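A.B. asks: need a 3D model of the sequence below.
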Amino acid sequence: MTQVLDSLTNKRILLGLTGGIAAYKSAELTRQLKTAGADVRIVLTPAAAEFITPLTLQALSGNPVHQYLLDPEAEAGMGHIELAKWADLVLIAPASADFIARLAAGMGNDLLTTLCLATDAQIAIAPAMNQAMWRDQRTADNVDALEKLGMEIWGPGVGDQACGDSGPGRMLEPQQLAELCATEFEQGTLSGQQVCITAGPTREAIDPVRYISNHSSGKMGYALAEAAAEAGAKVTLISGPASLAPPPRVELVRVDSAQEMLDAAEKQLGNCDLFIAAAAVADYRPASVAEQKIKKNNEQMTIELVKNPDIVATVASHPQRPFTVGFAAETEKVIEHARGKLERKKLDLVIANDVAQPGIGFNSDENAVTVVSADDQQRIDQTSKHKLARTLVELIAQRLKPNN
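C.D. replies: Numbers count the residues shown, from 1 in each chain. All right, here's what the predicted structure looks like:
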């Protein structure tokens, strides 16, 4: 897969198929878009379903195939509105002469034409038809009308056709169409990168109803995951218990304990370019967990604690180590402790913040940090965690590039 397709990572491509023998090419197009990191959903017209089965396209896209205008399984039965809002790009490939005519006339008599009327996304048309149909003046007028509406016309190609004719009318090849899709999007600073981020607190069980934890809300880690996805990365977010909605276009892995978080992180190694340890991991856990709830029988209770595994240090020392970024939440000597963590754990960057300051850090919507590296440090003043996340992602991406 060529580097030009990196800009498709996390993009939402709605692929519409109309009736034509070229529909078989759309299976390979779906595969290429998915391989490039795009999320692909497919709409079939009734005629398209005569040429290729929904099951084939469902298996390749990993999503259900949509065929019906009023889908009782869709939210409020308005599937066309859901899909229209979901898409970043609508590509009709193959686009038959009949479909082009109906779309140019503003018709909405099936799911595909209706969502084309309802979407704000860019629409691209990949014509596929007999050469005589393509040359017909009425088809030319319809194509001109679509172009005037701002739609892209990709193709057609020239060559032999299934009917035995030769000339213009062939649908472009899947690789060409995938690359044209990629040109619709700017390449983000993390395009094509695999990013793993830990977030939130961990919980270390004492008994079936009690645990040791901390005040982390997960807001910083979730904001970083969203910002990395916006920058074009394929993001896995490993989250401890947090009452936050999963960021869009991010794979969420939920865990409770430090050991579960480490296990999940180690599964990412080998396919991970960047690891950001934003979770507030409990340093210690009870040496043993009571099988039943501990009763309040004594004035005092002693719990023996043992050290938890150090997740970020384990990742940084792995033979297939990614670029590794740690967090240092400190209450004193913030830069000194952050630099010690950087050197001791052999990290590439440490993002340090003073959690003793009111209004930032744990449970707050804002933060202020200092990014510490081996050769310098950079202060980022107090701002919202979402803005801070975007700034950090851009800064990390600049540091990451020389390593790739």
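A.B. asks: endpoint to endpoint, stretch 119-130 covers what distance?
C.D. replies: 29 Å (Cα to Cα, to the nearest Å).
A.B. asks: actually, stretch 113-131.
C.D. replies: This stretch, stretch 113-131, spans 24 Å end to end (Cα to Cα).
A.B. asks: just stretch 315-335 next, same as before
C.D. replies: One end of stretch 315-335 to the other measures 22 Å (Cα to Cα).
A.B. asks: offset the numbering so it begins at 37, please.
C.D. replies: In the new count, where the first residue is 37, that last one comes out as stretch 351-371.
A.B. asks: what's it in contact with?
C.D. replies: Stretch 351-371 is contacted from outside by 232, 256, 301-302, 305-306, 308-314, 316, 348, 373-374, 377-378, 381-392, 397-398, 406, 408, 413, 432, 435-436, 439, using Cβ atoms under 8 Å, 6 or more residues apart in numbering. From N, CA and C alone the C-beta is placed, and that goes for glycine too.
A.B. asks: domains of the chain?
C.D. replies: The chain breaks down by automatic domain parsing into domains covering 39-219, 230-439.
A.B. asks: circling back to that earlier point, from the contacts of stretch 351-371, which land in helices?
C.D. replies: 256, 301-302, 348, 373-374, 377-378, 432, 435-436 (DSSP state H).
A.B. asks: and those, which is closest to residue 73?
C.D. replies: residue 436 (17.2 Å; Cβ to Cβ).
A.B. asks: quick one: contacts for that closest one?
C.D. replies: 226, 229, 309-310, 359.
A.B. asks: can you list these in a markdown table and add distance to residue 91 and neighbour count?
C.D. replies: Listed next are these as a markdown table, based on distance: Cβ to Cβ, whole Å; neighbours: other Cβ atoms under 10 Å:
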| residue | distance to residue 91 | neighbour count |
| --- | --- | --- |
| 226 | 34 | 28 |
| 229 | 33 | 24 |
| 309 | 34 | 17 |
| 310 | 37 | 25 |
| 359 | 41 | 23 |
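A.B. asks: checking my notes, residue 337 in a strand, right?
C.D. replies: No - with DSSP: H, G, I helix; E, B strand; the rest coil as the criterion, residue 337 is coil rather than part of a strand.
A.B. asks: my read is that it contacts residue 322, right?
C.D. replies: No - at 11.3 Å, residue 337 does not count as touching residue 322 under the criterion of Cβ atoms under 8 Å.
A.B. asks: the more surrounded of the two?
C.D. replies: residue 322 (17 against 9; other Cβ atoms under 10 Å).
A.B. asks: per-residue confidence at that one?
C.D. replies: pLDDT, residue 322: 94.
A.B. asks: tell me the bridge partners for it.
C.D. replies: residue 341 (DSSP bridges).
A.B. asks: so it touches residue 343, yeah?
C.D. replies: No - using Cβ under 8 Å, residue 322 is not in contact with residue 343, being 11.8 Å away.
A.B. asks: okay, how far is it across stretch 274-293, tip to tip?
C.D. replies: 11 Å.
A.B. asks: give the buried residues for that stretch.
C.D. replies: Buried residues in stretch 274-293, counted by 16 or more other Cβ atoms under 10 Å: 274-276, 278, 283, 285-286, 288-289, 291-293.
A.B. asks: what's the farthest-apart pair in those?
C.D. replies: 285 and 293 (27.1 Å).
A.B. asks: circling back to that earlier point, and the ones in helices among the contacts of stretch 351-371, which are buried?
C.D. replies: Buried by 16+ other Cβ under 10 Å: 256, 301, 348, 373-374, 377-378, 432, 436, out of the ones in helices among the contacts of stretch 351-371.
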